[in-house]
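# I'd like to go over a predicted model; first the sequence, then the structure.
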Amino acid sequence: MKNLIPLVFLYIISFLPARCQNLTGSWSGEVTQENSQFKIGTIEISLNQVGGFLSGQIKTNHPQGFVIQKFRGMISDHKVVMTEYEVIKKSEDNLSWCLKILEGYLFTDNDTGKLILRGKWTSRKVHQSGNYLEFDCPPGTFSVTKSSDESAPQKLASLTTSNLSRKVSEPKSPESIKDIAKVIDIQKPDNLLAFPKPKLGEKVILAIQFEQSKAIILPSSQPELDRILSYLVQFPTLEIELSGHTDNRGDAIKNYKLSEERVSIVKKYLTSNGIASSRISGKGYGSKIPFALNDSEENRKLNRRVEMKVTKE
């Protein structure tokens with residue numbers, strides 16, 4: 001009996017949700033659908049993680065063909081949500097493909113030590129003949145394992161020089177944007193080559209976190225602030241729009257005001273570090289545009305966010 005206890009303990013540990021893991025990399029596995037036409041296929045995910053925010057591409061393969069779609073998502077504790085939002089390539093234009101919302105949980109395989117993400121997916125939109133249409137696709141399941149290949153996708157770069165990594169609450173302004181550019185030139189130029197340029201109109205969820213119910217940025221958001229700053233320096237003609245969002249708890253008017261204040265404090269950080277105010281617009285939406293259903297605390301965390309959109313190239 002004494003020998004059995006450690007074995008049972010190890011068995012339980014192997015199925016505990018994985019926490020504090022770096023999800024950046026290549027994932028692959030199986031996807032199913034409650035549909036007699038497709039049933040079982042394979043799925044490949046190229047994933048980047050910045051803080052609790054995820055982005056990348058998902059390739060879904062079936063006997064009828066394949067599709068590659070962009071996704072964005074979030075990880076909260078051990079739960080992962082990924083939403084496909086744009087089709088970038090299909091094997092055949094006339095095929096209809098579901099844009100999946102994948103919700104799953106992280107586990108660690110006790111034998112291999114690899115991360116496993118498995119769960120269910122739903123869809124309320126399809127891509128057909130070049131158009132996005134509202135449609136409830138038959139749901140399904142997915143299970144993917146992270147590859148051990150270290151050549152997997154590179155994380156979005158963030159600057160960490162002493163000139164740029166300063167306290168959020170006490171930003172130190174350089175004399176001009178040229179001073180920031182000089183700092184970047186001192187850094188390896190390759191750092192910025194890993195920083196992709198979002199397309200015009202594309203929304204990016206920012207890994208910026210705030211104190212609860214306040215417009216005070218947490219210190220853990222510093223790398224993301226420097227990443228946005230370096231992005232605006234790298235592409236000096238671009239203009240962006242910031243949008244603030246909250247969950248649906250509390251007074252709607254207060255939520256709207258809070259989302260406005262959070263956008264303003266992010267803009268203030270960027271402008272105090274040499275970015276022209278005219279390049280940054282912003283608006284708060286309160287709880288009007290949720291990322292996920294407000295039916296649990298984990299989902300409400302996903303809805304409390306700031307997004308960035310390129311408005312001019």
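Received it, and whenever you're ready, just let me know what you need.
# For the residue nearest the centre of the chain, list the residues it contacts.
Geometric centre of the chain, nearest residue: L54, 2.6 Å, by CA atoms, centre = their mean. Applying CB atoms under 8 Å, 6 or more residues apart in numbering to L54 gives the contacts 23, 47-48, 71-75, 80, 82. C-beta coordinates here come from the backbone N, C-alpha and C atoms, glycine included.
# Tell me which of those residues fall in strands.
47-48, 71-75, 80, 82 (DSSP state E).
# S221: which of those residues is nearest?
Of all the ones in strands among the contacts of L54, S221 sits closest to M74, with 14.5 Å by CB to CB.
# And the pLDDT for the closest one?
pLDDT for M74: 81.
# Beta-bridge partners for it, please?
Beta-bridge pairing for M74 (DSSP bridges): F53, V81.
# Am I right that it is in contact with F291?
Yes. At 7.3 Å, M74 counts as touching F291 under the criterion of CB atoms under 8 Å.
# what sits in contact with each of these two?
Shared contacts of M74 and F291 (CB under 8 Å, 6+ apart): 81, 205, 302, 305.
# any idea how far the third one is from E202?
Computed as CB to CB, to the nearest Å, the L302 to E202 distance reads 19 Å.
# I'd like to know which of the shared contacts of M74 and F291 are part of strands.
Short answer: those in strands (DSSP E) are 81, 205, 305.
# and the last one, what is it in contact with?
The one in question is R305. 74, 205-206, 244-245, 291.
# make it 7 Å
By CB atoms under 7 Å, 6 or more residues apart in numbering, the contact set of R305 is 205, 245, 291.
# what helix or strand does K125 sit in?
strand 115-128 (DSSP states H and E).
# Identify each buried residue in that strand, please.
By neighbour count on 16 or more other CB atoms under 10 Å, the buried set for strand 115-128 is 115-119, 121, 123, 125-127.
# Strands of the chain, start to end?
Under DSSP E, the chain gives strands at 25-33, 40-50, 53-62, 65-76, 79-90, 97-108, 115-128, 131-134, 140-146, 203-206, 239-245, 280-284, 305-312.
# and these as JSON lines, adding distance to A252?
Shown next, in JSON lines, are these (distance: least, CB to CB, whole Å):
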{"stretch": "strand 25-33", "distance to A252": "38"}
{"stretch": "strand 40-50", "distance to A252": "30"}
{"stretch": "strand 53-62", "distance to A252": "25"}
{"stretch": "strand 65-76", "distance to A252": "23"}
{"stretch": "strand 79-90", "distance to A252": "24"}
{"stretch": "strand 97-108", "distance to A252": "25"}
{"stretch": "strand 115-128", "distance to A252": "25"}
{"stretch": "strand 131-134", "distance to A252": "26"}
{"stretch": "strand 140-146", "distance to A252": "35"}
{"stretch": "strand 203-206", "distance to A252": "22"}
{"stretch": "strand 239-245", "distance to A252": "13"}
{"stretch": "strand 280-284", "distance to A252": "12"}
{"stretch": "strand 305-312", "distance to A252": "17"}
